[in-house]
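Enquirer: Coordinates for the following, if possible.
(chains A and B)
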There are 2 protein chains.
Amino acid sequence: MGTTQLESVQEPKYWHLKTLLSEALDSDFAVGEVLPNERDLAARFGVARATLRQALEQLELEGRLQRRRGVGTTVAPPRVKVAVTTAPHGRPGSDPDEAWQPLDCAMDPVPASVAVLLGMEADEPVHVVRRIRVAHGQAVAAELLYVPAGSVPELSAIEAPSGPVRARSVLRELHRLDLDGQDRSVELGSARADDARELDRLPGAPVLVVTTRYLAAAGTAAVSVATYRADTCRLTFGDSGALEISHEEQERKAS
Amino acid sequence: MGTTQLESVQEPKYWHLKTLLSEALDSDFAVGEVLPNERDLAARFGVARATLRQALEQLELEGRLQRRRGVGTTVAPPRVKVAVTTAPHGRPGSDPDEAWQPLDCAMDPVPASVAVLLGMEADEPVHVVRRIRVAHGQAVAAELLYVPAGSVPELSAIEAPSGPVRARSVLRELHRLDLDGQDRSVELGSARADDARELDRLPGAPVLVVTTRYLAAAGTAAVSVATYRADTCRLTFGDSGALEISHEEQERKAS
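Expert: Presented below is the predicted three-dimensional model:
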């Protein structure tokens, strides 16, 4: 370990290879094209298979490559822009685009991390609505919406006790609430097994976890924990109505 | 590869171990405590070293563990909440908390990805202000703020041509602009070598990339590309002023 140690720590071999591969993807490959196999690629760039694999993993993390069983490694399309911002007084579960599909609803114990946000004790029962969000025909997010019984007092107990019909009843009652606003956080996470299944990923795949609190005068009315695919999604937040137009203009220019 | 194949794909061995380890972190370890070495841990849970390493990597990705050279693997403190939302008419580079430290400024060719957002040709020269954001004494983000010369026409050419003084001059001129709003996107990326150095990470470490466009009547006035440490940061976005109070209340409760 001589004087080059620091330099090699700062710029590992696979990192340089990643840059070269990224340039090759831009110039020599089309979106959806299958890459040559690892042996051929390693030979082409004169690197060990292990180094190549590290570089491919990095490019997958950055959303440049997709690896699917039975297909191989393909060049990924640009990330899908997924708007997270709702109207200033957006309502939990509201969905003008019908992009969210309610899957199920049940009374379940609230996890400790969500209980804190709702001002409840852990394991108290709450309505848990499960939805997936579809964009361009692909599931991009899985959501758990936690709704304390007190937020939907008018909910009829005699309606369907679970399933999508029940989910729609809870959402409908939620929409009647008078909300003061919402706040949101975004952090890196890894897909739980059930989310991974719905998002067509393996458990542990990197995801962006968006936690939203919907606030009413009496406290937090509901909490949504949405898990977005980090490989294919780019979350957009618009602060003013004017921006959505700019977005569209940009999409138009790009296409 | 018998009938259990599907199940083992959905819930790999390291994933189960990760869950067990996560519970052990909650019950048996304090924040900052150094974990036993890999051999002892693998023996304690009866797993192979490779499986243990996968589980540890996953916990690092989720922000539960920190691995530092010379220290070992320690239990991470909860992620730092970093507010990304500014006032509705927030200005590029404005910083009421003085949390952003200007490091440098230079005229550099604009990268293609930023040129699209600014409505410019790639490689046209723009002011590039480099800043880092510090929270709780630790660098949490590195930012490149791209400012076309046309956005700061009053900038004096005779002042310092580069360095922090020049950076402050560009920021000061930017603050005089009349802005219509801003939009923002968040996506997963990997740290470039220069960002990694400032964030005390290795190149390729997962980061959350926040791209902000500052919009003026004439078009995009500036673009900021900020790279946040994904292991230690949780980005918060508040849609209304009232929420910031709730945040503080929550912090007070937690501490």
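Enquirer: just for the stretch 101-250 of chain A, where's the confidence low?
Expert: Scanning the stretch 101-250 of chain A with the threshold set as pLDDT under 70 gives A:157-159, A:238-250.
Enquirer: Spell out the residue ranges of the strands in it.
Expert: With strands called from DSSP state E, counting those that start in this stretch, the stretch 101-250 of chain A shows them at A:125-135, A:138-147, A:179-190, A:206-216, A:219-229, A:233-238.
Enquirer: Just give me the residue closest to the centre of chain A.
Expert: A:Y228 (0.6 Å; Cα atoms, centre = their mean).
Enquirer: if we can go back for a sec, do you know which of the strands of the stretch 101-250 of chain A lies nearest chain B?
Expert: Chain B lies closest, by Cβ to the nearest Cβ, to one member of the strands of the stretch 101-250 of chain A: strand A:179-190, at 3.4 Å. The way it works is simple: take the backbone N, C-alpha and C, and place the C-beta from them, glycine included.
Enquirer: Check which helices and strands that closest one is in contact with.
Expert: For strand A:179-190, the elements it packs on are strand A:206-216, helix B:49-61, strand B:206-216, strand B:233-238, helix B:241-254, judged by 3 or more Cβ pairs under 8 Å, 6 or more residues apart in numbering or on different chains; DSSP states H and E.
Enquirer: Go ahead and confirm the residue nearest to the centre of chain A touches A:V140.
Expert: Yes. Using Cβ atoms under 8 Å, A:Y228 is in contact with A:V140, at 6.1 Å.
Enquirer: Name the residues contacting each of these two.
Expert: Residues touching both A:Y228 and A:V140 (Cβ atoms under 8 Å, 6 or more residues apart in numbering or on different chains) are A:V82.
Enquirer: what would the helices and strands packed on strand A:179-190 look like in JSON lines with mean neighbour count and distance to A:L59?
Expert: Compiled in JSON lines, the helices and strands packed on strand A:179-190 are given as follows (neighbours: other Cβ atoms under 10 Å in any protein chain shown; distance: least, Cβ to Cβ, whole Å):
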{"stretch": "strand A:206-216", "mean neighbour count": "21", "distance to A:L59": "13"}
{"stretch": "helix B:49-61", "mean neighbour count": "19", "distance to A:L59": "17"}
{"stretch": "strand B:206-216", "mean neighbour count": "22", "distance to A:L59": "13"}
{"stretch": "strand B:233-238", "mean neighbour count": "23", "distance to A:L59": "23"}
{"stretch": "helix B:241-254", "mean neighbour count": "12", "distance to A:L59": "37"}
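Enquirer: could you dump the ones you listed to a markdown table with distance to B:V129?
Expert: Output for the helices and strands packed on strand A:179-190, formatted as a markdown table (distance: least, Cβ to Cβ, whole Å):
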| stretch | distance to B:V129 |
| --- | --- |
| strand A:206-216 | 27 |
| helix B:49-61 | 31 |
| strand B:206-216 | 13 |
| strand B:233-238 | 21 |
| helix B:241-254 | 26 |
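Enquirer: Quick one: closest of these to B:D123.
Expert: strand B:206-216 (19.0 Å; Cβ to Cβ).
Enquirer: Against which helices or strands is the closest one packed?
Expert: Against strand B:206-216 (3+ Cβ pairs under 8 Å, 6+ apart) you get strand A:179-190, helix A:241-254, strand B:179-190, strand B:219-229, strand B:233-238.
Enquirer: Reformat these as JSON lines; add distance to A:L145.
Expert: Below are the helices and strands packed on strand B:206-216 laid out as JSON lines (distance: least, Cβ to Cβ, whole Å):
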{"stretch": "strand A:179-190", "distance to A:L145": "13"}
{"stretch": "helix A:241-254", "distance to A:L145": "24"}
{"stretch": "strand B:179-190", "distance to A:L145": "21"}
{"stretch": "strand B:219-229", "distance to A:L145": "26"}
{"stretch": "strand B:233-238", "distance to A:L145": "18"}
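Enquirer: what's the closest of these to A:V129?
Expert: strand A:179-190 (16.4 Å).
Enquirer: Give me the angle between that closest one and strand B:219-229.
Expert: 50 degrees (axes from the mean of the first three to the mean of the last three Cα atoms, to 10 degrees).
Enquirer: Tell me the pLDDT of A:A254.
Expert: Listed pLDDT for A:A254 reads 43.
Enquirer: Bridge partners for the nearest residue in space to A:V147 that is not next to it in sequence, pull those for me.
Expert: Counting by Cβ to Cβ, 6 or more residues apart in numbering or on different chains, A:V147 lies nearest to A:H127, which is 4.2 Å off, once chain neighbours are set aside. The partner list for A:H127 in beta bridges (DSSP bridges) reads A:M107, A:V147.
Enquirer: How about the contacts made by A:H127?
Expert: Going by Cβ under 8 Å, 6+ apart, A:H127 touches A:105-107, A:146-149, A:152, A:155, A:170.
Enquirer: do A:A221 as well
Expert: When contacts are counted by Cβ under 8 Å, 6+ apart, A:A221 touches A:92, A:147-148, A:151, A:174, A:177, A:179, A:214-215.
Enquirer: which of those has the most neighbours?
Expert: Greatest neighbour count in the contacts of A:A221, by other Cβ atoms under 10 Å in any protein chain shown, goes to A:V147: 27 neighbours.
Enquirer: Touching, A:D123 and A:V110? I think so.
Expert: Yes. With contact defined as Cβ under 8 Å, A:D123 and A:V110 form a contacting pair (6.7 Å).
Enquirer: These two: who's more crowded?
Expert: With neighbours defined as other Cβ under 10 Å, A:D123 and A:V110 compare such that A:V110 has more, 23 against 12.
Enquirer: Distance check, the more buried one against A:P148.
Expert: Taking Cβ to Cβ, to the nearest Å as the measure, A:V110 and A:P148 are separated by 8 Å.
Enquirer: can you list residues touching both of those two?
Expert: Common contacts of A:V110 and A:P148 (Cβ under 8 Å, 6+ apart): A:118, A:120, A:124, A:126.
Enquirer: Read off the pLDDT value for A:S27.
Expert: pLDDT, read off for A:S27, is 87.
Enquirer: count of neighbours near it?
Expert: Each residue near A:S27 was counted by other Cβ under 10 Å, and the total is 6.
Enquirer: Give me the distance between it and A:L20.
Expert: 11 Å.
Enquirer: Now distance to B:V47 too, for the strands of the stretch 101-250 of chain A, in TSV please.
Expert: Shown next, in TSV, are these (distance: least, Cβ to Cβ, whole Å):
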stretch	distance to B:V47
strand A:125-135	32
strand A:138-147	29
strand A:179-190	18
strand A:206-216	23
strand A:219-229	27
strand A:233-238	33
